[in-house]
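Novice: Sharing a model that was predicted from the sequence below.
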Amino acid sequence: MEMKKLPQRRCVGCKNSFDKKELIRVVKDSEGNISLDPTGKKNGRGAYLCKSRECFETAFKKKQFESSFKCKVSEEIYKNLLEELEKYHAE
């Protein structure tokens, strides 16, 4: 039986490649809302992030989400994403 290849994605924080299932997707929908997408199935432009706070902070400092989504991302959105990430880790 042939093994199926798992899709690879690159973390916007540490720039390392991982299996898609190991990362959390951050998505910008058609209305411009940016949120976490733990299922990886929401419609919109996506960027992937390791499940660590360090990678999130690196992505914030280097403005990687602005680069990925081609728009200005406010500090309030970063704060909301961090809160969502903390809730995701608590579960």
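Specialist: Nice, I can see it.

Novice: quick one: low-confidence ranges for this protein?
Specialist: Counting by pLDDT under 70, the ranges of the chain that qualify are 1, 89-91.

Novice: for it, what spans make up the helices?
Specialist: Assigned by DSSP state H, the helices in the chain fall at 53-61, 64-69, 75-90.

Novice: burial count for residue 69?
Specialist: As a burial measure, residue 69 scores 18 neighbours (other CB atoms under 10 Å). In short, each C-beta sits where N, CA and C put it, glycine included.

Novice: How about it, nearest residue that isn't a chain neighbour?
Specialist: Leaving aside its sequence neighbours, residue 69 sits nearest to residue 28 (CB to CB, 6 or more residues apart in numbering; 4.6 Å).

Novice: Any idea what that neighbour is bridged to?
Specialist: Under DSSP bridges, the beta-bridge partners of residue 28 are residue 34, residue 45.

Novice: list the contacts for it?
Specialist: Going by CB atoms under 8 Å, 6 or more residues apart in numbering, residue 28 touches 34, 44-46, 69, 71.

Novice: And for residue 63?
Specialist: Contacts of residue 63 by CB under 8 Å, 6+ apart are residue 73.

Novice: repeat that for 10 Å
Specialist: Residues in contact with residue 63 (CB atoms under 10 Å, 6 or more residues apart in numbering) are 72-73, 78.

Novice: mind checking which of the helices of the chain is nearest residue 3?
Specialist: Among the helices of the chain, helix 53-61 comes nearest to residue 3, with 28.1 Å by CB to CB.
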